[in-house]
Every structure is written in C-alpha cells, then in structure tokens.
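Undergrad: Here's my sequence, what's the structure:
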Amino acid sequence: MKNQDYELHKFLSKHGAVRKFKANVERAGGLTYLEELQKGEGDPNVIAGAFIWSDAPEGGDYWMKLNHKYSNSFD
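TA: Residues are numbered from 1 along each chain as shown. Model (predicted):
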C-alpha cells in the first residue's frame, strides 16, 4: 500500500498535519511513519500512542483535538 491509501494518512492530509505527525514520530524514535499508518488501520487511538504530545512543538492541545476527530471518525 502507498501512504495515501491509509486512512490515517488521508485524515492527517485533510487536516494539514502529515509533516507535523511524521516529524514527531521520527523525533520520538519509535515506529516509522509507515508503521504508524499501518497501525492506524482500525485503531482509533493511534495518534494518542504515536508520541508524547507535550514534547511536540504543536503542543498537547493540537494533538488532542486531532486525536478526538480521528477517534470520532470510527463511530
């Protein structure tokens, strides 16, 4: 699958957050961006577990709002 085929990538792209998410995932040093996309298929809380929001330049509120929107898309 290509990045653009994953629901998480589509969501992040729609909200202008692909680069931010990718940079934070890389900074955290855990999974790669592609691995997070794969994990995000069917996981409404993938954004919550990808990295520590308070360590992100955008801050916790930014990621909390995006996580909430993504989680709600599973309802």
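Undergrad: and the closest residue to residue 45 other than its chain neighbours, how many residues sit next to it?
TA: Counting by Cβ to Cβ, 6 or more residues apart in numbering, the nearest residue to residue 45 once its immediate chain neighbours are dropped is residue 71, at 6.3 Å. Just so you know, the C-beta spots here come from the backbone N, C-alpha and C atoms, and that holds for glycine as well. The number of residues packed around residue 71, counting by other Cβ atoms under 10 Å, is 15.
Undergrad: Same check on residue 58?
TA: For residue 58, which is what you asked about, the neighbour count (other Cβ under 10 Å) is 14.
Undergrad: pretty sure it contacts residue 19?
TA: No - counting by Cβ atoms under 8 Å, residue 58 does not reach residue 19; the two are 10.9 Å apart.
Undergrad: List the buried residues for stretch 8-23?
TA: Buried residues in stretch 8-23, defined by neighbour count with 16 or more other Cβ atoms under 10 Å: 8, 9, 11, 12, 17, 18, 20, 21, 22.
Undergrad: what about the third one, which helix or strand?
TA: Using DSSP states H and E, residue 11 falls within helix 7-14.
Undergrad: Can you name the next helix or strand after that helix?
TA: Proceeding N to C from helix 7-14, the next assigned helix or strand is helix 18-28, under DSSP H and E.
Undergrad: residues in contact with that following helix?
TA: Counting by Cβ atoms under 8 Å, 6 or more residues apart in numbering, helix 18-28 makes contact with 9, 12, 31-33, 36, 47, 50-52, 55-58, all of which sit outside it.
Undergrad: Need those in JSON lines (columns: pLDDT and distance to residue 67).
TA: As requested, the contacts of helix 18-28 are exported to JSON lines (pLDDT from 0 to 100; distance: Cβ to Cβ, whole Å):
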{"residue": "9", "pLDDT": "93", "distance to residue 67": "15"}
{"residue": "12", "pLDDT": "96", "distance to residue 67": "11"}
{"residue": "31", "pLDDT": "88", "distance to residue 67": "16"}
{"residue": "32", "pLDDT": "92", "distance to residue 67": "20"}
{"residue": "33", "pLDDT": "92", "distance to residue 67": "17"}
{"residue": "36", "pLDDT": "90", "distance to residue 67": "13"}
{"residue": "47", "pLDDT": "94", "distance to residue 67": "4"}
{"residue": "50", "pLDDT": "93", "distance to residue 67": "9"}
{"residue": "51", "pLDDT": "94", "distance to residue 67": "11"}
{"residue": "52", "pLDDT": "94", "distance to residue 67": "13"}
{"residue": "55", "pLDDT": "93", "distance to residue 67": "15"}
{"residue": "56", "pLDDT": "95", "distance to residue 67": "12"}
{"residue": "57", "pLDDT": "96", "distance to residue 67": "16"}
{"residue": "58", "pLDDT": "96", "distance to residue 67": "12"}
